[in-house]
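Undergrad: fold the following, please.
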Amino acid sequence: MLDAVEKGQGLFRGVQKDAAALGNNAGEIFKKLFDFAFPDLYPKLEMGFRPLNGKEVDEILKAANLNALSPVFYDGEKGLDLVIKEGAKYVPNPSAPVAKEILDYIGEDHE
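TA: Predicted coordinates:
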């Protein structure tokens, strides 16, 4: 199977890509194919892309309050603005661009 992938061709929306031109092994080939196709499939993917340490899900689910989370939850260059300060406490922000995008998508899909 790997031999077929590495010597074959990929096709996405009518555009053909020769595997040999994309890389030397299946890992390199698939990465280049994904780099080619993902921006078209997911045009807003960059909106939510942030470096993570892998502990953020547990962190938000176990938090007694929202004032000491990783920077990804707050506003700023590394953040998604998912948590905002309202008065003296921190609360979820349903108006965060990435949250709004997801909620709008779910609402459209539900209709």
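
Undergrad: low-confidence ranges in the protein?
TA: Nowhere does the chain drop to pLDDT under 70.

Undergrad: how does it divide up, domain by domain?
TA: Listed domain ranges for the chain are 2-43, 53-110 (source: automatic domain parsing).

Undergrad: residue contacts, the closest residue to V15 other than its chain neighbours?
TA: Distances taken as C-beta to C-beta, 6 or more residues apart in numbering place F36 nearest to V15, at 7.9 Å, with adjacent residues excluded. For every residue, glycine as well, the C-beta is placed using N, CA and C. Contacts for F36 (C-beta atoms under 8 Å, 6 or more residues apart in numbering) come out as 12, 15, 17.

Undergrad: so which of these wins on neighbours?
TA: Counting neighbours by other C-beta atoms under 10 Å, K17 comes out on top of the contacts of F36 with 17 neighbours.

Undergrad: thought it was touching V5?
TA: No: distance between K17 and V5: 11.9 Å, which falls outside the contact criterion (C-beta atoms under 8 Å).

Undergrad: and the residue nearest to V15, how far is that from G27?
TA: Here the criterion is C-beta to C-beta, to the nearest Å. By it, F36 lies 15 Å from G27.

Undergrad: before we move on, what about V98?
TA: Separation of V98 from G27 (C-beta to C-beta) stands at 29 Å.

Undergrad: okay, those two: which has more neighbours?
TA: Just comparing V98 and G27: by other C-beta under 10 Å the higher neighbour count belongs to V98, 15 against 9.

Undergrad: return the residues in contact with that one.
TA: V98 is in contact with 47-48, 80-82, counting by C-beta under 8 Å, 6+ apart.

Undergrad: so it is in which element?
TA: In this assignment (DSSP states H and E), V98 forms part of helix 97-110.

Undergrad: quick one, strands of this structure?
TA: Secondary structure of the chain (DSSP state E): strands at 9-12, 15-18, 83-86, 89-92.

Undergrad: now these in a markdown table, please, with extra columns for distance to E108.
TA: Listed next are the strands of the chain as a markdown table, based on distance: least, C-beta to C-beta, whole Å:
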| stretch | distance to E108 |
| --- | --- |
| strand 9-12 | 25 |
| strand 15-18 | 28 |
| strand 83-86 | 25 |
| strand 89-92 | 21 |
